[in-house]
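**Q** take this sequence and fold it.
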Amino acid sequence: MKQNPFKQIGQKQEKLPENFKKDVMESIEMSKVLLGIADLFTVKMGETFTGIFRTEQDKYNKK
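**A** So this is what the prediction gives:
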């Protein structure tokens, strides 16, 4: 008979090695760095280009 895994939730779990926590935290930090870089190049760079082109277009429209 199979055990219900939901009945095991909240029960005492075995302790993980300390290096596992370190590896997980490093992975999370790296993910945050990559997310920040992706945000910089997708959103902010697009906004910058839009602003530049809008400014250049405004210059030509005023003449």
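**Q** Thr42: neighbour count?
**A** For Thr42, the count of nearby residues is 10 (other C-beta atoms under 10 Å). All C-beta atoms are positioned from the backbone trio N, CA, C, and that covers glycine.
**Q** determine the number of other residues adjacent to Val43.
**A** Per other C-beta under 10 Å, the neighbour tally for Val43 reads 10.
**Q** out of the helices and strands in this structure, which is least certain?
**A** Among the helices and strands of the chain, helix 45-62 carries the lowest confidence by mean pLDDT, DSSP states H and E, at a mean of 70.
**Q** where's the most centrally placed residue in the chain, which helix or strand?
**A** Geometric centre of the chain, nearest residue: Leu35, 3.6 Å, by C-alpha atoms, centre = their mean. Per DSSP states H and E: Leu35 is located in helix 18-39.
**Q** chain center to that helix, what's the gap?
**A** Relative to the centre of its chain, helix 18-39 is centred 9 Å away, using C-alpha atoms, centre = their mean, to the nearest Å.
**Q** pLDDT weak spots in this structure?
**A** By pLDDT under 70, the low-scoring segments of the chain are 55-63.
**Q** if we go to 90?
**A** In the predicted model of the chain, residues 1-18, 21, 36-63 satisfy pLDDT under 90.
**Q** rewinding a little: give the buried residues for the helix holding Leu35.
**A** The neighbour-count check on helix 18-39 (16 or more other C-beta atoms under 10 Å) flags nothing as buried.
**Q** dump it to PDB, keeping only the CA atoms.
**A** Taking Å, rounded to 0.1, in the frame of the first residue of the first chain, the C-alpha atoms of helix 18-39 are listed here in PDB:
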ATOM      1  CA  GLU A  18      25.600  22.700   5.700                       C
ATOM      2  CA  ASN A  19      27.200  22.900   2.200                       C
ATOM      3  CA  PHE A  20      23.700  22.300   0.700                       C
ATOM      4  CA  LYS A  21      22.400  25.500   2.200                       C
ATOM      5  CA  LYS A  22      25.500  27.400   0.900                       C
ATOM      6  CA  ASP A  23      25.000  26.000  -2.600                       C
ATOM      7  CA  VAL A  24      21.300  27.000  -2.600                       C
ATOM      8  CA  MET A  25      22.000  30.500  -1.400                       C
ATOM      9  CA  GLU A  26      24.700  31.000  -4.100                       C
ATOM     10  CA  SER A  27      22.300  29.800  -6.700                       C
ATOM     11  CA  ILE A  28      19.600  32.300  -5.500                       C
ATOM     12  CA  GLU A  29      22.200  35.100  -5.500                       C
ATOM     13  CA  MET A  30      23.300  34.200  -9.100                       C
ATOM     14  CA  SER A  31      19.600  34.100 -10.200                       C
ATOM     15  CA  LYS A  32      19.100  37.600  -8.700                       C
ATOM     16  CA  VAL A  33      22.200  38.900 -10.600                       C
ATOM     17  CA  LEU A  34      21.000  37.400 -13.900                       C
ATOM     18  CA  LEU A  35      17.500  38.800 -13.400                       C
ATOM     19  CA  GLY A  36      19.000  42.300 -12.700                       C
ATOM     20  CA  ILE A  37      21.100  42.100 -15.900                       C
ATOM     21  CA  ALA A  38      18.200  40.900 -17.900                       C
ATOM     22  CA  ASP A  39      16.000  43.700 -16.500                       C
END
